[in-house]
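Novice: Sequence isn't available, so here's the structure alone:
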């Protein structure tokens, strides 16, 4: 009987760990995986459907998907729409910083690339949002 109680306790605690997944961690992991499904030339609505648009409610905050959007003018004078998705965790501090986001860059409603290196080639960095 004494051996059964510790085993049961371990099983109960292990079960609790799987039930208590943080929805924000799940969203981040899904977004990171979904980047692999993207291809250039996709329409914005198709790319957003692949990445997902449902927000996640964590203990202290909501995380929207995409996390942020902006329209920017490139070095070439073209207008780009940029959708930022939460894909990485640098520090567990309940703050989502720009280095934890991945930008998807659209021109005329079509995905032309993603990632900060791609964005930096087309748009000068914004001092308000250091990368």
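Specialist: Yep, that arrived. Just so it is clear, the model here is predicted, and its values are computed rather than measured.

Novice: Wait, a helix at residue 47?
Specialist: Yes: assignment of residue 47 by DSSP: H, G, I helix; E, B strand; the rest coil places it within a helix.

Novice: is it true that it touches residue 35?
Specialist: No: the criterion here is C-beta atoms under 8 Å, and residue 47 misses it with residue 35 at 10.2 Å. (Glycine included, C-beta is placed from N, CA and C.)

Novice: Tell me where the chain has strands.
Specialist: Taking DSSP state E, the strands of the chain run over residues 56-57, 62-63, 68-73, 79-86, 101-107, 110-114.

Novice: For this protein, give me the ranges with low pLDDT.
Specialist: The model of the chain has pLDDT under 70 over residues 1-20, 128-131.

Novice: give me every residue that touches the residue nearest the centre of it.
Specialist: In the chain, the C-alpha nearest the mean C-alpha coordinate belongs to residue 86, at 2.0 Å (C-alpha atoms, centre = their mean). Listed by C-beta atoms under 8 Å, 6 or more residues apart in numbering, the contact set of residue 86 reads 24, 27-28, 31, 63, 65, 67, 96, 100-101.

Novice: and those as CSV, adding neighbour count?
Specialist: CSV is the format used below for the contacts of residue 86 (neighbours: other C-beta atoms under 10 Å):
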residue, neighbour count
24, 21
27, 23
28, 22
31, 22
63, 16
65, 19
67, 20
96, 19
100, 17
101, 22
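
Novice: Out of the residues you listed, which is nearest to residue 119?
Specialist: Checking the contacts of residue 86 against residue 119 with C-beta to C-beta, the nearest one is residue 101 at 10.6 Å.

Novice: give the contact list for the closest one.
Specialist: Shown in contact with residue 101 (C-beta under 8 Å, 6+ apart): 67-68, 84-88.

Novice: wait, residue 54 sits on residue 65?
Specialist: Yes: the pair residue 54 / residue 65 is scored as a contact, 6.1 Å apart, by C-beta under 8 Å.

Novice: Overlap of the contact sets of these two?
Specialist: residue 27.

Novice: Now do stretch 33-53: distance to the chain's middle.
Specialist: 12 Å (C-alpha atoms, centre = their mean, to the nearest Å).

Novice: I should have written stretch 77-86 there, sorry.
Specialist: That offset, for stretch 77-86, works out to 14 Å (C-alpha atoms, centre = their mean).
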